[in-house]
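S.K.: okay, sequence plus prediction incoming.
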Amino acid sequence: MSTTSYIESNRDRFLNELFEILRIPSISADSAFSGDVRKCAEKVAEFLIAAGADNVVLEETAGNPIVYGEKIIDASLPTVLVYGHYDVQPSVPDELWNTPPFEPTIIDNKIYARGACDDKGQFFMHVKAFETMMQTNSLLCNIKFMIEGEEEVGSNNLGTYCKNHKEKLKADVILISDTGIIANDCPSIDVGLRGLSYVEVEVTGPRIDLHSGVYGGAVANPINVLCTMIASMHDENRHITIPEFYDDVEEVSADDRAALGRIPFSLDEYKKHLAIDDVLGEKGYTTIERTGTRPTLDVNGIWGGYIGEGAKTVLPSKAYAKISMRLVPNQSSEKITEIFQKHFEKIAPAGVKVKVTPHHGGEPVLTPTTSNAYKAAALAMTETFGVEPIPTRGGGSIPIVALFEKELQTKTVLMGFGLDSDAIHSPNEHYGIFNYFKGIETIPQFFKHFAALSK
């Protein structure tokens, strides 16, 4: 039986088994769901065993377990290490979901559920593709699985695990499906990812909340001060004003900018989809360049004072914000965090105290388009989509890609199948049934071409 026939004859089961793990609220950010996180890891392990993997174990860490499994068919053949994550973002605010976030629902050929695209639907494609190759006797490479449960909270224990298990995780390439394609009729492969520096800032004025009538205008208001400080970090051209911020930025070549310009993109459709009247970003760059090749600084949350019902005229004691900076090749998350902290402390007026707390970070990466692994992915997508994929740069961050290069000395191929419209991290996250099965269909072709090119 061909892989295509096997997939088609097991189509309903492949969907229903995905639904089983989508129903588990494996939210890593909230300790109240720690039991569900482990339950999900155990379910993933069950599916790996059923698919034919050997040595399947839950590798304990200081946090959530990592699910490991493998199938070594011939030590002389190339080995593919598949990475994914079974943890998901919180579903809140649940009231904004049109269907229950942990009850997968199919609407218009899309699977609606938290984790449907990020990353349960995508990593599970590899489990089902592996089963397909096993059942059709077409597995042409060794395969290892490493499915973790802390990606959405920074993968804090993954580095230690990789350091301690370098031989176990040894592979010729790492294959990840946690990214997307341009469109269902325009496949693409991410060859670059931005890094990340994520911090929380605290501005403190008076020791307690004060009456805004008695003290307003005489004492620094931390919220006002924080807003002014944040606003000062961009100039009129949306250029970041932190000294040294751009020192290490690698400029994109004219050829690469031209290649990005060939990506199908309608600014009018982009604005319509987001319900905005216009875009706003760094002067001199297109929207695609801004989201893939340029560093950014964005406020992800800001709070302080009274936000309850009605009025309470207070001058707050404290104000807070969470700030993320997306980084591009050659920038260091550690260095950017350090210069941000120095700058933030320097621009604070005398009437307040400031504190910067770094959270997690990650390094930007570029992956080669000349490698056998990239060529295999391109050939596989060309075969299943009927058109050659476009190499693109993703605006998001997957810090573990740089981690794998550092600890395992192994390059990564980012062969994802999601869409920008899948609402990951948002209410009503979804994943196309087309995309799910296109991934299951394409992955065996990657193994076939990688094996051939590695000879």
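M.R.: Here it is on my side, so go on.
S.K.: okay, domains of this protein per the record?
M.R.: Domain assignment for the chain by automatic domain parsing gives 3-193+365-453, 195-249+295-362.
S.K.: give me the distance from the last one to the chain's centre.
M.R.: In this view, domain 195-249+295-362 has its centroid 24 Å away from the chain centroid, taken as Cα atoms, centre = their mean, to the nearest Å.
S.K.: pLDDT on that domain, on average?
M.R.: Average pLDDT, domain 195-249+295-362: 96.
S.K.: first vs last residue of that domain, how far apart are they?
M.R.: End-to-end distance of domain 195-249+295-362: 5 Å, with Cα to Cα, to the nearest Å as the criterion.
S.K.: still on that earlier bit, can you redo the domains of the chain as TSV with mean neighbour count and distance to L274?
M.R.: Heads up, the C-betas are built off the backbone N, CA and C, glycines and all. Formatted as TSV, the domains of the chain follow (neighbours: other Cβ atoms under 10 Å; distance: least, Cβ to Cβ, whole Å):
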stretch	mean neighbour count	distance to L274
domain 3-193+365-453	20	10
domain 195-249+295-362	16	15
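S.K.: dump the ones you listed to CSV, plus distance to G261.
M.R.: Formatted as CSV, the domains of the chain follow (distance: least, Cβ to Cβ, whole Å):
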stretch, distance to G261
domain 3-193+365-453, 11
domain 195-249+295-362, 18
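S.K.: just so I know, which of the ones you listed lies nearest K272?
M.R.: domain 3-193+365-453 (11.9 Å; Cβ to Cβ).
S.K.: quick one, which of the domains of the chain is nearest to A259?
M.R.: Closest of the domains of the chain to A259 is domain 3-193+365-453, at 7.1 Å (criterion: Cβ to Cβ).
S.K.: thinking again about what came up before, tell me which of the domains of the chain lies nearest to I288.
M.R.: Using Cβ to Cβ, the domains of the chain put domain 3-193+365-453 closest to I288, at 8.3 Å.
S.K.: report the distance from that closest one to the chain centre.
M.R.: The answer for domain 3-193+365-453 is 12 Å, by Cα atoms, centre = their mean.
S.K.: so who does H449 touch?
M.R.: K375, A376, L379, A380 (Cβ atoms under 8 Å, 6 or more residues apart in numbering).
S.K.: if you set the cut-off to 7 Å instead, what comes out?
M.R.: H449 makes contacts with A376, L379, A380, as judged by Cβ atoms under 7 Å, 6 or more residues apart in numbering.
S.K.: related to what we said a few turns ago, among the domains of the chain, which is nearest A258?
M.R.: Nearest of the domains of the chain (Cβ to Cβ): domain 3-193+365-453, 12.4 Å.
S.K.: show me where the stretch 301-450 of the chain has its helices.
M.R.: 333-346, 372-385, 399-408, 433-453 (DSSP state H, counting those that start in this stretch).
S.K.: least reliable of those helices by average pLDDT, please.
M.R.: Among these, helix 399-408 scores lowest, with a mean of 90.
S.K.: for that helix, name the packing helices and strands.
M.R.: Applying 3 or more Cβ pairs under 7 Å, 6 or more residues apart in numbering; DSSP states H and E, one finds that helix 399-408 makes contact with helix 158-164, strand 365-366.
S.K.: quick one: these as TSV, columns for mean pLDDT too.
M.R.: Shown next, in TSV, are the helices and strands packed on helix 399-408 (pLDDT from 0 to 100):
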stretch	mean pLDDT
helix 158-164	97
strand 365-366	86
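S.K.: mind putting those in a markdown table, distance to T410 included?
M.R.: Output for the helices and strands packed on helix 399-408, formatted as a markdown table (distance: least, Cβ to Cβ, whole Å):
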| stretch | distance to T410 |
| --- | --- |
| helix 158-164 | 10 |
| strand 365-366 | 12 |
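S.K.: mind checking the ones you listed for the one nearest to E429?
M.R.: Checked against Cβ to Cβ, the stretch from the helices and strands packed on helix 399-408 lying closest is helix 158-164, at 23.1 Å.
S.K.: tell me what the very next helix or strand once past the closest one is packed against?
M.R.: Proceeding N to C from helix 158-164, the next assigned helix or strand is strand 173-176, under DSSP states H and E. Helices and strands touching strand 173-176, by 3+ Cβ pairs under 7 Å, 6+ apart, are strand 79-85, strand 412-414.
S.K.: hmm, back to that, so which of the domains of the chain is nearest P264?
M.R.: Across those, closest to P264 is domain 3-193+365-453 (Cβ to Cβ), at 5.7 Å.
S.K.: endpoints of that closest one, how far apart?
M.R.: Start-to-end, domain 3-193+365-453 (Cα to Cα) is 20 Å.
S.K.: same check, this time on stretch 262-282
M.R.: Stretch 262-282: ends 20 Å apart by Cα to Cα.
S.K.: tell me the buried residues in that stretch?
M.R.: I263, E282 (16 or more other Cβ atoms under 10 Å).
S.K.: contacts for that stretch?
M.R.: Against stretch 262-282 from outside (Cβ under 7 Å, 6+ apart): I182, C186, N237, R238, H239, T287, I288, R290, R294, I390, T392, S421.
S.K.: what does the average pLDDT come to for that stretch?
M.R.: For stretch 262-282, the per-residue pLDDT averages 94.
S.K.: what is the strand or helix carrying F19 packed up against?
M.R.: For F19, the host element (DSSP H and E) is helix 11-22. Applying 3+ Cβ pairs under 7 Å, 6+ apart, one finds that helix 11-22 contacts helix 34-51, helix 120-135.
S.K.: K166 reaches L408, doesn't it?
M.R.: Yes: with contact defined as Cβ atoms under 7 Å, K166 and L408 form a contacting pair (6.3 Å).
S.K.: ok, which stretches of the stretch 151-300 of the chain are strands?
M.R.: Assigned by DSSP state E, counting those that start in this stretch, the strands in the stretch 151-300 of the chain fall at 173-176, 188-193, 195-204, 210-211, 298-304.
S.K.: redo those as JSON lines? Include distance to N98.
M.R.: Formatted as JSON lines, the strands of the stretch 151-300 of the chain follow (distance: least, Cβ to Cβ, whole Å):
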{"stretch": "strand 173-176", "distance to N98": "30"}
{"stretch": "strand 188-193", "distance to N98": "29"}
{"stretch": "strand 195-204", "distance to N98": "30"}
{"stretch": "strand 210-211", "distance to N98": "44"}
{"stretch": "strand 298-304", "distance to N98": "24"}
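S.K.: for D256, which of these is the nearest?
M.R.: D256 lies closest to strand 188-193 among the strands of the stretch 151-300 of the chain, at 9.3 Å (Cβ to Cβ).
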